[in-house]
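Chemist: After the sequence you'll find the predicted model.
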Amino acid sequence: MNSRRPVMAAQKQPLQASSFLLALLLGSALLVGPAARADDSADAGLADAVTDSIATIVQEGLVSWYGAAFHQRPTASGELFDAGALTMAHRHLPFGTRVRVTNLRNGRSVVVRVNDRGPFVGKRIADLSHAAAAKLGMLSKGIVRARIEVLGK
């Protein structure tokens, strides 16, 4: 007699944090190829990335911004932080990954490039540059709830 219950295809299991991180890392690693450049300081291709990309990984949570005190200091990727560039710090996404960040309070969004690690404060999921925070309308608030979507072709 078989005492094991059959697993139904429609049965959903809760997503474990480790599974989410693994999917996040594997999915984003496939998106960053030899075309990704660490020296893309002008961020000229960001608008194009939005129009011909699809979102593959989504994360929601608190995002903050950092600016003047870190301007021209080295980031974890080795490039100098530019508060005027559209960049972001994330704990796990590969450097060069393009991400759409949407402020859930006002619906504004911006596409940024991951070039640093962090944040390491509380449960925040990302730190944005001053320029990215300004586009999202979050400068005075400092921290907002946002959605981040990894973009890919």
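Modeler: Noted; the coordinates are in hand.

Chemist: so where is the chain shaky, pLDDT-wise?
Modeler: Applying pLDDT under 70 to the chain flags the ranges 1-55, 153.

Chemist: can you pull out the strands in it?
Modeler: Ranges of strands in the chain, per DSSP state E, are 54-65, 87-89, 98-103, 109-116, 126-128, 143-152.

Chemist: Partner strands of the second one, with direction?
Modeler: The reference is to strand 87-89. Partners of strand 87-89 in the sheet, by DSSP bridges, are strand 109-116 (parallel), strand 126-128 (antiparallel).

Chemist: Need those in a markdown table (columns: mean neighbour count and distance to G96).
Modeler: All C-beta atoms are positioned from the backbone trio N, CA, C, and that covers glycine. Output for the strands paired with strand 87-89, formatted as a markdown table (neighbours: other C-beta atoms under 10 Å; distance: least, C-beta to C-beta, whole Å):
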| stretch | mean neighbour count | distance to G96 |
| --- | --- | --- |
| strand 109-116 | 24 | 6 |
| strand 126-128 | 26 | 15 |
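
Chemist: Adding distance to F70, write the ones you listed out as TSV.
Modeler: Shown next, in TSV, are the strands paired with strand 87-89 (distance: least, C-beta to C-beta, whole Å):
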stretch	distance to F70
strand 109-116	9
strand 126-128	9
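
Chemist: Tell me which of these sits nearest to E79.
Modeler: With C-beta to C-beta, the closest approach to E79 among the strands paired with strand 87-89 belongs to strand 109-116: 5.7 Å.

Chemist: okay, the angle between the closest one and strand 143-152?
Modeler: 80 degrees (axes from the mean of the first three to the mean of the last three C-alpha atoms, to 10 degrees).
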